[in-house]
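In: got a predicted structure here, sequence first:
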Amino acid sequence: MPEITMVGALNAALRDALDEDPRVLVFGEDVGELGGVFRVTQGLQAAFGRDRVFDTPISESGIAGMCVGLAMAGWRPVAEMQFDGFSYPALDQVISHVAKYRERTRGRVGMPVTIRIPSFGGIRGKEHHGESPETYYVHTAGLKVVAPADPLDAYRLLRLAIADPDPVIVLEPKSRYWSKAEGELTTEGPGIGRARVLRDGSACALISYGAMVARCLEAAEALEAEGVPCAVVDLRSLSPLDVATLGEVVRSTGRAVVVHEAPLTLGLGAEVVARVVEEAFDHLEAPIRRVTGWDVPYPPASLEQVYLPSVERIARAVREVVAY
């Protein structure tokens, strides 16, 4: 079975959704003839026409507003915000209308909107090209939020998001766009709201999402050689969180380290730690540690690797927790 990149898997997910459901529309800045900055939509306009895959003006707020109107008219819009740092002008529309319209109408008007956002760092981008916006969306009641870590799960999560009756924010880790995996593209497997345990281990649980899952797996491999077997949990679904799996894994290890790119203060890791404490307090053998970005604006490319959690920072936190 040939390998596929995350870009290829996301493209296949959009192609299959467009093919199977005539109500699906794909739009955003430069997603048509160009195929998107990262080429996720490459070839889709040629295959499905300009009525179903089309470019929009450079107006993120307008793109989100279009999603609301199209969903009200019975379509299933799939919008791309070109970069995470460009998505903030759309927050008013997303928070006030995309997230609330189904509740506002007591379920009479659905809001099956999917908003794709190339997210996080790791590509040595310019200012506004590397952000961690997840907390804004996770804190917004009415939204589901997912962040795939590998190509096969990217396909699954995007297909599930498009089919969902509620609005879903898909945070695609830019630094993993060119990662490869081998396997079948399918929607079978864990759905939205379910985490995955990618590696078993008894010493400590490493909990992460998006691009940092790969770094946690690298750290777990290095720690295994030191005699410190770590479990690795890929959250995948940031809202809703799979609290049951988090509790189960941490009860078995007694220790946990949470890893994400966003700044420490009020990052998603704080919520994960709180939920783990509620679920597994009596089983904890040490305080839970967080390995995160720093509480500063995202740095220039020359300092990016100092900002992002490294394999060594993750491993050091695990050693400290295990030695507690």
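Out: Nice, I can see it.
In: quick check, residue 317 in a helix?
Out: Yes - assessed with DSSP: H, G, I helix; E, B strand; the rest coil, residue 317 lies in a helix.
In: nearest spatial neighbour of it, chain-adjacent residues omitted?
Out: Nearest residue to residue 317, sequence neighbours excluded (Cβ to Cβ, 6 or more residues apart in numbering): residue 289, at 4.4 Å. (Glycine included, C-beta is placed from N, CA and C.)
In: I'd assumed residue 257 was in contact with that neighbour.
Out: Yes - look at residue 289 against residue 257 with Cβ atoms under 8 Å: they come within range, at 4.8 Å.
In: partner strands of the top strand by length along the chain, with direction?
Out: Counting residues, the longest strand found in the chain (DSSP state E) is strand 256-263. Neighbouring strands of strand 256-263 in its sheet, by DSSP bridges, are strand 204-208 (parallel), strand 289-293 (parallel).
In: right, and the helix or strand after the first one?
Out: Spelled out, it's strand 204-208. The first helix or strand that comes after strand 204-208 along the chain, using DSSP states H and E, is helix 212-225.
In: quick check: angle from the helix or strand that that next one is followed by to strand 204-208?
Out: Counting by DSSP H and E, the next helix or strand C-terminal to helix 212-225 is strand 230-234. Strand 230-234 and strand 204-208 are oriented at 20 degrees to each other (axes from the mean of the first three to the mean of the last three Cα atoms, to 10 degrees).
In: mean confidence for strand 230-234?
Out: The average pLDDT within strand 230-234 is 98.
In: which helices and strands does it pack with?
Out: With contacts taken as 3 or more Cβ pairs under 8 Å, 6 or more residues apart in numbering; DSSP states H and E, strand 230-234 sits against strand 196-199, strand 204-208, helix 212-225, helix 243-253.
In: next helix or strand past the longest strand of the chain?
Out: Past strand 256-263, the next helix or strand by DSSP H and E is helix 268-280.
In: what's the spacing between that following helix and its chain's center?
Out: Here the centre of helix 268-280 is set off from its chain's centre by 19 Å, with Cα atoms, centre = their mean, to the nearest Å.
In: about what we covered before: now the angle from the longest strand of the chain to helix 243-253?
Out: Orientation check (the same axes, to 10 degrees): strand 256-263 against helix 243-253 gives 130 degrees.
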